[in-house]
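S.K.: Sequence unavailable; structure follows:
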């Protein structure tokens, strides 16, 4: 969920923003084991069923302003079934795919195929540190260590391009700020970190 403090500003911007008018992207990577502990996971056996063993998956690729963000910028064209199936390996929820297209994809100024190609490209450009690929037990890191591990395996990515989202002490998402041509860039204040300053925990893959 986006920060509530600037929600009103974002709604105002969204209401008057034409598709394609934005400053940068946020690639949101969801830690699947954390999602699967919640009520959404119980309703999504494709992602959270026994033995699925997903680590980081794509939550979305969100157009962003320097202050705030647009949403629901235009009527959402129907998504072909073939396109949905193509995205399931990295976005393992049909409901999520359709939701992300309607809420965020319509603001990118792209047709559905081009938008989801952009998501695939963004995800392929971000390397996941080995420690975060498929841990079989709970692991703990300081937030700054998580950023350091991402920057170490992603040349050109700076620490301030990465913001972490937590449920309490448990890592929920990693947000990576990217230029419109998918190069790392600093995040602005509306992309906020919500993790504790000391230690965060990653649940093991399921």
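M.R.: Cool, got the structure. Fair warning: this is a prediction, and the values are worked out from it, not measured in the lab.

S.K.: By mean pLDDT, flag the weakest helix or strand of the protein.
M.R.: Ranking every helix and strand in the chain by mean pLDDT, DSSP states H and E puts helix 7-15 at the bottom, with a mean of 49.

S.K.: Look up how far residue 23 lies from residue 191.
M.R.: Counting by C-beta to C-beta, to the nearest Å, the gap from residue 191 to residue 23 is 12 Å. (Each C-beta comes from the backbone N, C-alpha and C, glycine too.)

S.K.: These two - which one has more neighbours?
M.R.: Using other C-beta atoms under 10 Å, the more surrounded residue of residue 191 and residue 23 is residue 191, with 22 against 15.

S.K.: Excluding sequence neighbours, find me the nearest residue to the more buried one.
M.R.: residue 163 (5.1 Å; C-beta to C-beta, 6 or more residues apart in numbering).

S.K.: Please apply the same query to residue 47.
M.R.: Computed as C-beta to C-beta, 6+ apart, the closest residue to residue 47 that is not its neighbour in sequence is residue 92, at 4.1 Å.

S.K.: Show me which positions of the lengthiest helix in the chain end up buried.
M.R.: Longest helix in the chain, counting residues (DSSP state H): helix 112-125. Within helix 112-125, the residues that count as buried by 16 or more other C-beta atoms under 10 Å are 112, 115, 116, 118, 119, 120, 122, 123.

S.K.: what two of the residues you listed have the greatest distance between them?
M.R.: Pairwise distances across those peak at 16.7 Å for 112 and 123 (criterion: C-beta to C-beta).

S.K.: Let me see the contact set for the spatially most central residue of the chain.
M.R.: Taking C-alpha atoms, centre = their mean as the criterion, residue 28 is the residue nearest the geometric centre of the chain, at 1.2 Å. Applying C-beta atoms under 8 Å, 6 or more residues apart in numbering, one finds that residue 28 lies in contact with 58, 59, 60, 61, 62, 173, 174, 175.
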